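> Need coordinates for the below:
(one chain, ligands or ions: 1)
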Amino acid sequence: MAGFISTSSLGGETALSTQPSTQSTRALLERKETPSQHDARMKWWREARFGMFIHWGLYSVPAGAYNDKEIPGSGEWIMSQAKIPVAEYAQYAERFNPVGFDSDHWVRTAQAAGMKYIVITAKHHDGFAMFHTKVDGYNITDATPFGRDPLAELAEACQAAGIKLGIYYSQCQDWHHPGGDAWDGHWDKAQDGDFDAYLKNVALPQVRELMTNYGSVAVFWFDTPTRLMTPRRAAEFLPLLDLQPQIIVNDRLGGGFRGDTQTPEQHIPPRGYPGEDWETCMSINDTWGYKSNDTNFKSTATLIRSLVDVASKGGNYLLNVGPTGEGIIPQPEVDRLTAIGDWLKVNGDSIYGAGPTAFGDEAGQFDTKKTDEHGHPIWAAKWDWRCTTKPGKLFIHLFKWPARVFMLKGVAGSVTKAYLLADEQQSSRLFQQNGNQVWVKLPALAPDAIDSVLVLEVAGGK
Ligand code: JFZ
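Numbers count the residues shown, from 1 in each chain. The predicted structure is shown next:
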């Protein structure tokens, strides 16, 4: 599937009207609040701009290989990709002893990267709970030599460090528990069963545990609803979400539930989704769950510019790491996160709490002639510069350092000062304005080879 997700593109029941009790179901699928209550609930998330996604589970043990063969696809899909029988896959638990796991270290890594929230997989499609559940023994505390509850430890570390914790939970696909759904169909009789029984006995009680046992949960991240997730079934999750009234929920519950945030995956929407809250989730290499052979890490430059691109379009960037079966975040990932954090220490004012660009064309344009295989226009991104904003300020992110002078068109208001964020003195650069055009004289060398931020203070703009 290409690009972004909508409930319908995931095979969800698109029309609420196919359900008998349309009115009441639709009412059940909305959270009741006024627009200003909604804005208050979304406030921290809108300012945060940057979060850490963590895919960590039983799949981190095989790390992409089965029977000495490398299995194509994303690491957390190995059970489905290799059609591993349920009982055999469950045996990975005996080898799952992530003694390298250190919740404080993970939290420090996220904070050093400048990330303001963490979203971690509590249960992925493989059905293995990475927390202590009473539903059954298929969880990290009861089934592994490790015997600890990493979610409890992480929740405590997040609380202590003042970083928000979010929880990913695969509510619809579950390849272990009878009746759980599978995108590619069941491959083991042990998976067959009744979906409603699965919801009643596994998904709903586990979501209740997650809402109850881990303190304050800032985000709930559902995933891959199928057509089985009807409005009536989706509605059963909503009272559980209300156990955490401030929680922010994504748009992947299914059944027509819109949620608070849209979740484009592995790509940045060309123009963002103006007026809406959205979050691009992206892997740091080509897998979400750890694969020992995947070393195709994105460069620090690509990651920083992606964060900036997302912010300039009004979204959040949820960047994934895939810890190993030992509980270690791979060093190449840590290195990149540290470099992003170093950039943010200097330039964070242009990201946190910043709004989208005052311009727009700098991001690129759609090809007027060519379309892709789905007939959608092709986006040709330009990467010379981006803009983020705060009241009275334009932050110009210079990816390509101009020779001597940067020229900007379409400026509303009068520029009163121009300076580089990398300059601690904020000494004023020479500039000239003529109507909507502004020229700023720049030093010969870029303060940052990836993105140097030029601030223009503007009076009387919008
Ligand atoms: C889902 C998961 O299957 C995957 O393992 C990972 O957790 C990711 C964050 O979310 O992946 C999807 C979901 C939807 C699409 C593609 C991958 N889609 O609609 O293109």
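> The host helix or strand of Asn320 packs against which elements?
Using DSSP states H and E, the element containing Asn320 is strand 316-321. For strand 316-321, the elements it packs on are strand 50-54, strand 279-283, helix 300-312, helix 331-347, judged by 3 or more CB pairs under 8 Å, 6 or more residues apart in numbering; DSSP states H and E. (Each C-beta comes from the backbone N, C-alpha and C, glycine too.)
> now the last one and strand 50-54, what's the angle there?
Direction vectors for helix 331-347 and strand 50-54, defined by axes from the mean of the first three to the mean of the last three CA atoms, to 10 degrees, enclose an angle of 170 degrees.
> Could you give me the buried positions within the next helix or strand after helix 331-347?
Next helix or strand after helix 331-347 toward the C-terminus (DSSP H and E): strand 364-371. Residues of strand 364-371 classed as buried: Gly364 (neighbour count, 16 or more other CB atoms under 10 Å).
> Mind checking the pLDDT average for strand 364-371?
Strand 364-371 shows a mean pLDDT of 91.
> ok, now stretch 168-186?
Over the span of stretch 168-186, the pLDDT mean works out to 98.
> Name all residues that make contact with Ala113.
Ala113 makes contact with Phe50, Met52, Leu337, Thr338, Ile340, Gly341, Leu344, according to CB atoms under 8 Å, 6 or more residues apart in numbering.
> My guess is the last one contacts Ile351. True?
Same thing as Leu344. Yes. Between Leu344 and Ile351 there is a contact under CB atoms under 8 Å: 6.5 Å.
> between these two, what contacts are shared?
With contacts defined as CB under 8 Å, 6+ apart, the residues shared by Leu344 and Ile351 are Phe50, Gly114.
> Looking at the stretch 51-200 of the chain, which residue is nearest the ligand?
Going by CB to the nearest ligand atom, the ligand is nearest to Glu76 of the stretch 51-200 of the chain, at 4.8 Å.
> Give the burial count for that residue, as a bare number.
Residues near Glu76, counting by other CB atoms under 10 Å, number 26.
> And what about it, helix, strand or coil?
Secondary structure, DSSP: H, G, I helix; E, B strand; the rest coil: Glu76 is helix.
> wait, it sits on Asn320?
No. Counting by CB under 8 Å, Glu76 stays clear of Asn320, with 10.4 Å between them.
> where do the helices sit along this protein?
With DSSP state H applied, the chain shows helices at 22-28, 35-48, 78-81, 86-90, 103-112, 140-143, 150-161, 195-198, 204-212, 231-235, 238-241, 300-312, 331-347, listed in chain order.
> Return the distance of the fifth one from the chain's centre.
Its chain's C-alpha centre and that of helix 103-112 lie 17 Å apart, by CA atoms, centre = their mean, to the nearest Å.
> anything in contact with each of Glu76 and Asn320?
Common contacts of Glu76 and Asn320 (CB under 8 Å, 6+ apart): His55, Trp288.
> Against Lys441, how distant is Glu424?
In this structure, Glu424 and Lys441 are 19 Å apart, going by CB to CB, to the nearest Å.
> So between these two, which is more surrounded?
Set Glu424 next to Lys441 and count neighbours by other CB under 10 Å: Lys441 wins out with 12 against 8.
> isn't the more buried one right next to Phe431, touching?
Yes. Under the criterion of CB under 8 Å, Lys441 makes contact with Phe431 at 6.9 Å.
> got the helices of the chain as TSV, with mean neighbour count and mean pLDDT columns?
Converted to TSV, those look like this (neighbours: other CB atoms under 10 Å; pLDDT from 0 to 100):
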stretch	mean neighbour count	mean pLDDT
helix 22-28	14	57
helix 35-48	14	97
helix 78-81	23	98
helix 86-90	17	98
helix 103-112	19	98
helix 140-143	20	98
helix 150-161	19	98
helix 195-198	17	98
helix 204-212	19	98
helix 231-235	22	97
helix 238-241	17	96
helix 300-312	22	98
helix 331-347	18	98
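> Put together CSV for those, with distance to Ala418 on each row.
Putting these into CSV (distance: least, CB to CB, whole Å) gives the following:
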stretch, distance to Ala418
helix 22-28, 51
helix 35-48, 25
helix 78-81, 52
helix 86-90, 59
helix 103-112, 31
helix 140-143, 53
helix 150-161, 36
helix 195-198, 60
helix 204-212, 49
helix 231-235, 51
helix 238-241, 46
helix 300-312, 19
helix 331-347, 16
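> Quick one: those helices as a markdown table, columns for distance to the ligand too.
Shown next, in a markdown table, are the helices of the chain (distance: least, CB to the nearest ligand atom, whole Å):
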| stretch | distance to the ligand |
| --- | --- |
| helix 22-28 | 24 |
| helix 35-48 | 18 |
| helix 78-81 | 9 |
| helix 86-90 | 15 |
| helix 103-112 | 17 |
| helix 140-143 | 18 |
| helix 150-161 | 17 |
| helix 195-198 | 18 |
| helix 204-212 | 16 |
| helix 231-235 | 17 |
| helix 238-241 | 19 |
| helix 300-312 | 16 |
| helix 331-347 | 16 |
